[in-house]
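**Student:** Just to be clear, the model below is a prediction. Sequence and coordinates:
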Amino acid sequence: MAEISENKITLKAPDDFHIHLRQAPGLAEYARLTAEAGFARAMVMPNTLPPVTEPAGMAAYKEEIQNAAGPGFTPLMTFKLMPGMTAAQVRALADAGAVAGKYYPAGATTNSSDGLTHWELCADAMGEMERLGMVFSIHGEDPAGPALQREQLFLPRFREMAAAFPELKMVFEHISSAEGTEMVRELPDNVAATVTIHHLLLTQEDILGGALAPHLFCRPLPKSDRDRRAIQDFVLTGSPKVFFGSDSAPHLKEKKECASGAAGIFTSPVALPLLIDFFEEKGRLDLLEAFVSEKGAAFYGLEENTCTVSFVKESWTVPAEYAGVVPFMAEKKLNWRPACVGA
Ligand code: NCD
Ligand code: ZN
């Protein structure tokens, strides 16, 4: 049970069910910062170069992350679903400890040109994941659509997959639209969504409405106030179908401030303090622990973390950069900070 007082909050240690930790040389710093931010586990996306697609590569990547983050942090590993992937390949990855396979529509986001043009191309793998109870994690955007409509245009594909594999555990990642939210709420309990801190807080206006804000540019794009409200409302229902995944996606400053800016927001160091603010402002701090520390683990069939982490109400200024990456809320003052990790 969370302990909540005016100046201190102690939670079962949180999980982040969607993170990008990249590769050397950045990886060590991003992994360390994630652990220091208060996360006991994070589910690591496989869109590296080359992608994580087989057991040996996955094991090597896991070891690299583990060495950087230290013993208090556990990386949860994923693989990228590739066209033609077989049931046997999925079984081998499950045996090697993968907790999810990630579906990227070809061209939808960073390092996804080798993704899938049609979901049918990985139907064998999906059938095996359904049989094994492994989570099918989806970047739900149709890259052929207009930028702010891509999620909505993907929903018919999502429904086809849900109908074809009715027992498959599916996670609609970083949900960003009212329509997507509505669909997840309506589908059975084997379908869930992750929500990021930036989709809870931002709209398209924050990116485009004034001076262009490259450090807020990400996929899927934050949308209208109506969409943001739908996501907030879903989170505030306390439904077991919605839990935290940051989609923290560091890109070096020069890859964001240039003529062809990369998509992704680095939120790991600030996500938990901002989530506390969010739930506190809504008068629903009672929902915080389930959102960050319980519902994701339950959906994935994992034990909850046994350690705890405390946050104290103590103002701090977010650094302008972490290892060449401009974080979300750079140079802004936040109200809460992680204190100590206890047994
Ligand atoms: C992510 C990245 O940079 O890897 N970018 C993003 O805008 N979210 C990929 C992703 O999750 O779409
Ligand atoms: Zn992502």
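**Tutor:** That came in fine, so what should we check first? Ligands and ions are numbered 1, 2, ... in the order given.
**Student:** just the strands in the stretch 101-250 of the chain please.
**Tutor:** Along the stretch 101-250 of the chain, the segments classed as strands by DSSP state E, counting those that start in this stretch run 135-138, 169-172, 191-195, 242-244.
**Student:** Make TSV out of the ones you listed and add mean neighbour count.
**Tutor:** Placement of C-beta: from N, CA and C, glycine included. Compiled in TSV, these are given as follows (neighbours: other C-beta atoms under 10 Å):
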stretch	mean neighbour count
strand 135-138	25
strand 169-172	26
strand 191-195	25
strand 242-244	27
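**Student:** Out of the ones you listed, flag the one nearest residue 45.
**Tutor:** strand 135-138 (8.4 Å; C-beta to C-beta).
**Student:** May I have the strands that pair with that closest one, each with its orientation?
**Tutor:** strand 100-103 (parallel), strand 169-172 (parallel) (DSSP bridges).
**Student:** any residues touching that strand, and which ones?
**Tutor:** 18, 43, 78, 99-103, 126, 129-130, 158, 161, 165, 168-173, 299-300 (C-beta atoms under 8 Å, 6 or more residues apart in numbering).
**Student:** Mind exporting the C-alpha coordinates of the helix or strand of the chain with the lowest mean pLDDT to PDB?
**Tutor:** Every helix and strand in the chain was compared by mean pLDDT, DSSP states H and E; the lowest is strand 333-342, with a mean of 83. This file holds the C-alpha atoms of strand 333-342, laid out as PDB (Å, rounded to 0.1, in the frame of the first residue of the first chain):
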ATOM      1  CA  LYS A 333      11.100  23.600 -11.700                       C
ATOM      2  CA  LEU A 334       9.400  20.400 -10.500                       C
ATOM      3  CA  ASN A 335       7.800  19.800  -7.200                       C
ATOM      4  CA  TRP A 336       8.700  16.200  -6.300                       C
ATOM      5  CA  ARG A 337      12.000  14.200  -6.400                       C
ATOM      6  CA  PRO A 338      12.900  10.700  -5.700                       C
ATOM      7  CA  ALA A 339      14.400  10.300  -2.200                       C
ATOM      8  CA  CYS A 340      15.800   6.900  -1.300                       C
ATOM      9  CA  VAL A 341      15.200   3.300  -2.500                       C
ATOM     10  CA  GLY A 342      14.400   1.000   0.400                       C
END
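**Student:** Give me the contact list for that strand.
**Tutor:** Strand 333-342 is contacted from outside by 8-10, 13, 36-38, 72, 270, 272-274, 276-277, 307-318, using C-beta under 8 Å, 6+ apart.
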